[in-house]
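>>> Show me how the following folds:
(2 chains)
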Amino acid sequence: MKRIIVQTFADFNKIPDFNELLPKEYEVGGKLKEQGILENLFIKEGMTGAVMVLKDVDETRAKELVATFPLFKYFEKVEYRIVEKEF
Amino acid sequence: MSKEIKPVLCVLTSNNVKGKSGQPTGYWLSELTEALKFLEKSGLQYALASVKGGEPPADPMSLSDEELKKPANVHFSTDEMFQHALKNTICIDDVDSSKYAAVFFPGGHGTMWDFSDSNGVQRVIREIYEAGGVVSAVCHGPSSLVNATLSDGSYLVAGKNVAAFTNSEEAAVQATNIVPFLLETALKNHGALHHAAPDWAKNVIVDGRLVTGQNPASAEGVGEEVAKIILNK
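Residues are numbered from 1 along each chain as shown, chains lettered A, B, ... in the order given. Just a heads-up that it's a prediction; the model follows:
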């Protein structure tokens, strides 16, 4: 099964309405989790961005989904890394 | 160009008997699978190793009907790649530490007889930790840490906050007089700041790049914290 690790970079400390946006961010994440698309979401140490892990989507769809998050406009950079289980 | 994320090396015991008692033992299956499931959910790769290599023994009690119904055990029971890797683990002495972002030691009483004195275990811990990687263990898995030293000769656990199977839990499973040493006591003797939660309660301690958990209930939490540290980089 392929997964996409999405690394977002931003200074959350500088976002003026961060505390209002964060619950909305998790709300979007919750819906994607219910759909089985989002497997993991956490804020990075130091509030320097967030990490999401998506499954069963291609990179194009992943980019569309990430753009739906309320904090997306504040992301300075987003990296997409496709990973597939291997030994 | 994003940086490469290296896999997590999971190391299992090769010991299948509790010393002179003759009781069967091995690694505790759900401590491996619950941590691995979280690593997998985080998109991380992993490799399986053991002290002697080949197929390590699972503790028969971790294969009971009730245990095998746990979601993580069910998940991996049908995972052919995992099953193949489990039957063909790498010998710890042959491990190239530079390939891994972290090492994880699941427990099972078996570890108490072959982790603490394994040169390979100690080498891999030292090399991964000193290269900036994560060292992690759960339940009896921290027996791997008891004698692990850094290049300056100091114990890795000295002055560090850790969780591990407690003396109280060892008494609860009537193994105090069976194990070769008491894990909580041994860690404290080498300078660890051991934090005990009530018996069987989840307890995960993160001290920098050292992640430890107390018991089977802590395995998933250890996997979660290891994943966070790796993906935070």
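
>>> how about the residues of chain A near chain B?
A:3-5, A:7, A:39-40, A:42, A:44-45, A:51, A:53, A:79-81, A:83, A:85-87 (Cβ under 8 Å from any Cβ of the partner chain). The C-beta positions use only the backbone N, C-alpha and C, and glycine is treated the same way.

>>> how deep is B:Ala163 tucked in, by neighbour count?
Residues lying near B:Ala163 (other Cβ atoms under 10 Å in any protein chain shown) number 30.

>>> Show only the entries of the residues of chain A next to chain B found in strands.
A:3-5, A:7, A:39-40, A:42, A:51, A:53, A:79-81, A:83 (DSSP state E).

>>> Would you reformat those as JSON lines and include neighbour count and pLDDT?
Formatted as JSON lines, those follow (neighbours: other Cβ atoms under 10 Å in any protein chain shown; pLDDT from 0 to 100):
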{"residue": "A:Arg3", "neighbour count": "23", "pLDDT": "94"}
{"residue": "A:Ile4", "neighbour count": "24", "pLDDT": "96"}
{"residue": "A:Ile5", "neighbour count": "22", "pLDDT": "96"}
{"residue": "A:Gln7", "neighbour count": "21", "pLDDT": "95"}
{"residue": "A:Glu39", "neighbour count": "20", "pLDDT": "94"}
{"residue": "A:Asn40", "neighbour count": "23", "pLDDT": "93"}
{"residue": "A:Phe42", "neighbour count": "16", "pLDDT": "92"}
{"residue": "A:Val51", "neighbour count": "20", "pLDDT": "95"}
{"residue": "A:Val53", "neighbour count": "23", "pLDDT": "96"}
{"residue": "A:Glu79", "neighbour count": "13", "pLDDT": "95"}
{"residue": "A:Tyr80", "neighbour count": "16", "pLDDT": "95"}
{"residue": "A:Arg81", "neighbour count": "17", "pLDDT": "94"}
{"residue": "A:Val83", "neighbour count": "18", "pLDDT": "91"}
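
>>> Take the residues you listed and write them to JSON lines, including distance to B:Glu130.
Output for these, formatted as JSON lines (distance: Cβ to Cβ, whole Å):
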{"residue": "A:Arg3", "distance to B:Glu130": "30"}
{"residue": "A:Ile4", "distance to B:Glu130": "32"}
{"residue": "A:Ile5", "distance to B:Glu130": "26"}
{"residue": "A:Gln7", "distance to B:Glu130": "26"}
{"residue": "A:Glu39", "distance to B:Glu130": "31"}
{"residue": "A:Asn40", "distance to B:Glu130": "28"}
{"residue": "A:Phe42", "distance to B:Glu130": "27"}
{"residue": "A:Val51", "distance to B:Glu130": "25"}
{"residue": "A:Val53", "distance to B:Glu130": "29"}
{"residue": "A:Glu79", "distance to B:Glu130": "27"}
{"residue": "A:Tyr80", "distance to B:Glu130": "31"}
{"residue": "A:Arg81", "distance to B:Glu130": "26"}
{"residue": "A:Val83", "distance to B:Glu130": "26"}
